[in-house]
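A.B. asks: What follows is a protein structure lacking sequence information:
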């Protein structure tokens, strides 16, 4: 492995080569140290879902659906940072991750427009309310695609999230988790884009309904 990268394949979305290509497209320095820091962050031992595997899946889905984006490079950078700070004991992870990205971009004199765009994209992954920005819509749909995964994959996701919050008492966790999932069900659409709506919406609602019943059981 190279500098913490999970594989040496130059085609890997997590590889140093892929990162360098993104930096070139954004007219930024190679920033290999930041690549290493981000991979280390996603490998923190308290993570069970918000890991390199999740980041890799998100970036691969972006590759598959990049034509849905107005600025796919900025969406890619936002994905790299969107869970870079993940502390289950604290709120405000999205804000902290957005600040890390902001600091990185400002250090390399990125334009104010790029800095603000990436910051807003990362903040949108809090999923607190629907977004009207097309790129944020794609990013959110990618991030929430796990909700529409096959049942066994979705159940593994729920188990991984529970391990990340293992310090929360069972009854409290089930109540809070059920309320969070019910919030997605209450939306007219979970997925913003037609592509993800057609591909994931029905299965996502089935997964959420089944899980809420189990949590409230």
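C.D. replies: All right, it came through fine. This is a predicted model, so every value here is computed, not measured.

A.B. asks: going forward, measure contacts between C-alpha atoms and count neighbours the same way
C.D. replies: OK.

A.B. asks: For residue 189, list the residues it contacts.
C.D. replies: Residues near residue 189 by CA atoms under 8 Å, 6 or more residues apart in numbering: 197, 201.

A.B. asks: got the phi/psi numbers for it?
C.D. replies: Dihedral pair for residue 189: phi -140, psi 140, per degrees, to the nearest 10.

A.B. asks: Which elements pack onto the one helix or strand residue 103 maps to?
C.D. replies: Using DSSP states H and E, residue 103 sits in helix 93-107. Where contact means 3 or more CA pairs under 8 Å, 6 or more residues apart in numbering; DSSP states H and E, helix 93-107 is packed against helix 72-82, helix 112-124.

A.B. asks: Kindly report the domain assignment for the protein.
C.D. replies: Per automatic domain parsing, the structural domains of the chain span 1-128, 144-217.

A.B. asks: so where's the longest helix in the protein?
C.D. replies: helix 194-216 (DSSP state H).

A.B. asks: And that one, how far out from the chain middle?
C.D. replies: Chain-centre distance of helix 194-216: 18 Å, with CA atoms, centre = their mean, to the nearest Å.

A.B. asks: in it, what counts as buried?
C.D. replies: Neighbour-count burial for helix 194-216 flags 196-197, 200-201, 203-205, 207-209, 211-212, 215 (criterion: 16 or more other CA atoms under 10 Å).

A.B. asks: what does it rub up against?
C.D. replies: 141, 145, 147-151, 154, 174-175, 177-178, 181-182, 185, 189-191.

A.B. asks: And residue 197, how close does it get to residue 170?
C.D. replies: 32 Å (CA to CA, to the nearest Å).

A.B. asks: Same question for residue 199.
C.D. replies: Going from residue 199 to residue 170 by CA to CA gives 33 Å.

A.B. asks: what angle separates the helix holding residue 103 from helix 72-82?
C.D. replies: Calculated by axes from the mean of the first three to the mean of the last three CA atoms, to 10 degrees, helix 93-107 forms an angle of 120 degrees with helix 72-82.

A.B. asks: Show me the contact partners of helix 93-107.
C.D. replies: With CA under 8 Å, 6+ apart as the criterion, helix 93-107 contacts 78, 81-87, 115-116, 118-120, 122-123, 125-126.

A.B. asks: Just the buried subset of the residues you listed, please.
C.D. replies: The buried subset of these (16+ other CA under 10 Å) comprises 78, 81-86, 115, 118-120, 122-123, 125.
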